[in-house]
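Undergrad: task: produce atomic coordinates for the following.
(one chain, ligands or ions: 1)
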Amino acid sequence: MVGRNTQGRLVVVSNRVALPAQTATGGLASAMRAALQERGGLWFGWSGKVVRQDSGEVHRLRDGMVEYATIDLSRADHDDFYDGFANRTLWPLLHYRPDLVDYDRKHLAGYLRVNNLFAEHLMSLVKPNDIVWVNDYHLIPLAAMLRQRGLRNRIGFFLHTPLPAAGLLIALPRHRELMETLAHYDLVGLHTARDRRALEEYFLYEVGASMRRDGRLRTPEGRLFRAEVFPIGIDTQQVAESARRADEREEIHQLRQSLEGRALIIGVDRLDYSKGLPERFQAYARLLERSPQLHRKVSFLQIAPPSRGGVPEYRQIRRELERSAGHINGMYAAPDWVPIRYVNNSFPHSLLSGYYRAARVGLVTPLRDGMNLVAKEYVASQDPEDPGVLVLSRFAGAAQELTQALLVNPADTEEVAEALGIALTMPLYERRLRWRRMMDVLEKQDVTAWRNAFLRRLAE
Ligand code: GDG
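TA: Got it, this is the predicted structure:
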């Protein structure tokens, strides 16, 4: 437990808030919920609702020691801030896709407007001793706006996406106005050493900051802040337990039955171009092309719940994948065998872990990913006696920790197809060995360790 009662409350700020009645999807939501339940505090963010006329009202809800405060967004704010600058400008930039960056001053204005709105509300919600933890690329300038209004509290920031090298960041028009605001935080957390180096390089060479002996960066204006690596983890024990229990469920029986002894390869991703899905489908097709002996012996299940449907690039990738899955099935399917099962639904976590456990191979091949929790969930869900094999992109933050996975370059179709072949035939003793090493890492660096490490550092 971190410093309960020694400081004020924890105030978590993120674009989306997981309210008590909602199932917390993803690691961020469950990590924050656990932290707040442990020490009490406040979670502030967008309600998820878009309204015609923003009433300025804060919706408040209390659940034990945790208070939730959310605001609605007007249509214009939502479109410019969320669909616009956050998801059409920053997301592609941070995922090394300058070709997809759509820059529009109107969107930037909306982004700043919503950050100002957040700051405005927070000023009346935050108490003097509270510690404030801001999350993700939607809210980069928030600390600067809070400082401008006189807030002196500890404020930390965690970036859940990768951070590309300075050479790429400068492609963003007016990048300094945005990036420099990071110096208003006391602590900036990133997933990997590469991301931290990118941040340091940017501040040293673009901003003209210097590195102090105590490891803090000092901007030319004299602002001091710290950037450190905190790789996010999962609730390892809970995922393992839920996978064990899922084995009893009807849905898992049905899946196993439908496989008729075939080896299952599984992929689970938000439908997002950063996840490398078209390349993954191609690699699977290449596997079938070069290994006729595998026909009818494998099945690839790709679960891909749609996300950010308001952004054109996401609608396009959805169409592209439908075509590709149809094409591959058309080429290879037999009356009694469908090579790709492509599912656009989302499933409760309790079921997902059962699906992971039923799969001989976890195929996680993002082109870029801050961490990738699916890779970790896949490993934690395995049966220790008969674990599956993880095929993992080198460009996921998780590859820094899960070095016993079969690491691949997702753009190299041949390499991914080869790794799939190796995974499908890997002997049991090697599978166990690799799995144990990865599980050791996941047990030690779980989500509680991540959160405590960040908060401890921020409180120092
Ligand atoms: C961002 C960063 C970073 C997926 N499908 C379903 C479902 N999921 C859950 C997974 C997992 C989570 O969503 C996805 O997390 P990832 O880490 O894989 O990816 P992003 O959503 O892009 O997350 C990423 C993360 O933030 C945390 O810092 O690792 O790099 O991009 O937990 O299980 N959950 C449910 N049904 C689904 O169908 N319930």
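
Undergrad: next, count neighbours for the closest residue to Ile422 other than its chain neighbours.
TA: The shortest distance from Ile422 to any non-neighbouring residue, by Cβ to Cβ, 6 or more residues apart in numbering, is to Leu406 (6.3 Å). Placement of C-beta: from N, CA and C, glycine included. Neighbourhood size, Leu406 [other Cβ atoms under 10 Å]: 19.

Undergrad: ok, Leu406 - contacts?
TA: 389-392, 419, 422-423 (Cβ atoms under 8 Å, 6 or more residues apart in numbering).

Undergrad: tell me which two in these are the farthest apart.
TA: Put simply, by Cβ to Cβ the two of the contacts of Leu406 set farthest apart are Leu392 and Ile422, 13.0 Å from each other.

Undergrad: who's more crowded, those two?
TA: Set side by side, Leu392 and Ile422 give different neighbour counts by other Cβ under 10 Å, the larger being at Leu392 (30 against 13).

Undergrad: which residues of the stretch 201-350 of the chain fall in helices?
TA: 236-246, 250-259, 277-290, 312-332, 349-358 (DSSP state H, counting those that start in this stretch).

Undergrad: Ile340: which of those is closest?
TA: Among those, if distance is taken as Cβ to Cβ, the winner is helix 312-332, at 4.9 Å.

Undergrad: please spell out which residues along the closest one are buried.
TA: 313-314, 317-318, 321, 324-325, 328-329, 332 (16 or more other Cβ atoms under 10 Å).

Undergrad: so what angle separates the directions of the helix or strand of the chain with the lowest mean pLDDT and helix 236-246?
TA: None of the helices or strands of the chain scores lower by mean pLDDT, DSSP states H and E than helix 26-39, at a mean of 79. Between helix 26-39 and helix 236-246, the angle formed by their directions is 110 degrees, by axes from the mean of the first three to the mean of the last three Cα atoms, to 10 degrees.

Undergrad: which residues touch the helix or strand that comes right after helix 26-39?
TA: Using DSSP states H and E, the helix or strand that follows helix 26-39 towards the C-terminus is strand 41-51. With Cβ under 8 Å, 6+ apart as the contact definition, strand 41-51 has outside contacts at 9-18, 32-33, 35-36, 59, 65-75, 78, 82, 118, 121-122, 125, 130.

Undergrad: now strand 41-51: buried residues?
TA: The neighbour-count criterion (16+ other Cβ under 10 Å) identifies 41-47, 50 as the buried residues of strand 41-51.

Undergrad: do the same with stretch 134-148
TA: Of the residues in stretch 134-148, those scored as buried under the neighbour-count criterion (16+ other Cβ under 10 Å) are 134-147.

Undergrad: so of these, which ones are in strands?
TA: Secondary structure from DSSP state E places 134-135 of those in strands.

Undergrad: now the buried residues of stretch 134-148 in CSV, with distance to the ligand?
TA: CSV is the format used below for those (distance: Cβ to the nearest ligand atom, whole Å):
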residue, distance to the ligand
Val134, 14
Asn135, 9
Asp136, 8
Tyr137, 10
His138, 12
Leu139, 14
Ile140, 15
Pro141, 20
Leu142, 18
Ala143, 19
Ala144, 23
Met145, 23
Leu146, 23
Arg147, 25
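
Undergrad: ok, so of the contacts of Leu406, who is nearest Asp99?
TA: Comparing those against Asp99 with Cβ to Cβ picks out Leu392 as the nearest, at 24.8 Å.

Undergrad: the closest one looks like it's in a strand, true?
TA: Yes: according to DSSP: H, G, I helix; E, B strand; the rest coil, Leu392 belongs to a strand.

Undergrad: residues contacting it?
TA: With contact set as Cβ under 8 Å, 6+ apart, Leu392 has these partners: 362, 364-365, 372, 375, 398-399, 402, 405-408.

Undergrad: circling back to that earlier point, could you check the angle strand 41-51 makes with the least confident helix or strand of the chain?
TA: Helix 26-39 and strand 41-51 meet at an angle of 130 degrees, taking the same axes, to 10 degrees as the criterion.

Undergrad: any residues touching helix 26-39, and which ones?
TA: Taking Cβ under 8 Å, 6+ apart as the rule, helix 26-39 contacts 1-4, 9-10, 12, 14, 16, 18, 24, 41-43, 64-66, 133, 135-136, 160, 232-235, 371, 373, 447-448, 450-451, 455.

Undergrad: inside strands: which ones of the residues you listed?
TA: When DSSP E defines the strands, the subset of those inside them is 10, 12, 14, 16, 41-43, 66, 133, 135.

Undergrad: got a markdown table for those residues, with distance to Leu112 too?
TA: Shown next, in a markdown table, are the ones in strands among the contacts of helix 26-39 (distance: Cβ to Cβ, whole Å):
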| residue | distance to Leu112 |
| --- | --- |
| Leu10 | 26 |
| Val12 | 22 |
| Ser14 | 18 |
| Arg16 | 19 |
| Gly41 | 27 |
| Leu42 | 24 |
| Trp43 | 23 |
| Val66 | 29 |
| Trp133 | 21 |
| Asn135 | 18 |
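
Undergrad: as JSON lines, those with pLDDT would be great.
TA: Conversion of the ones in strands among the contacts of helix 26-39 to JSON lines gives the following (pLDDT from 0 to 100):
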{"residue": "Leu10", "pLDDT": "95"}
{"residue": "Val12", "pLDDT": "97"}
{"residue": "Ser14", "pLDDT": "96"}
{"residue": "Arg16", "pLDDT": "92"}
{"residue": "Gly41", "pLDDT": "95"}
{"residue": "Leu42", "pLDDT": "97"}
{"residue": "Trp43", "pLDDT": "97"}
{"residue": "Val66", "pLDDT": "94"}
{"residue": "Trp133", "pLDDT": "97"}
{"residue": "Asn135", "pLDDT": "97"}
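
Undergrad: which among the residues you listed gets closest to Pro305?
TA: Minimum distance to Pro305 across those is 14.9 Å, recorded for Arg16 (Cβ to Cβ).

Undergrad: list the contacts for the closest one?
TA: For Arg16, the set of contacting residues under the criterion of Cβ under 8 Å, 6+ apart consists of 29, 45-46, 48.

Undergrad: tell me what the residue nearest to Val374 when sequence neighbours are not counted is bridged to.
TA: Nearest in space to Val374, with sequence neighbours left out and distances taken as Cβ to Cβ, 6+ apart, is Val268 at 5.0 Å. The bridge-partner assignment for Val268, based on DSSP bridges, gives Ile303.
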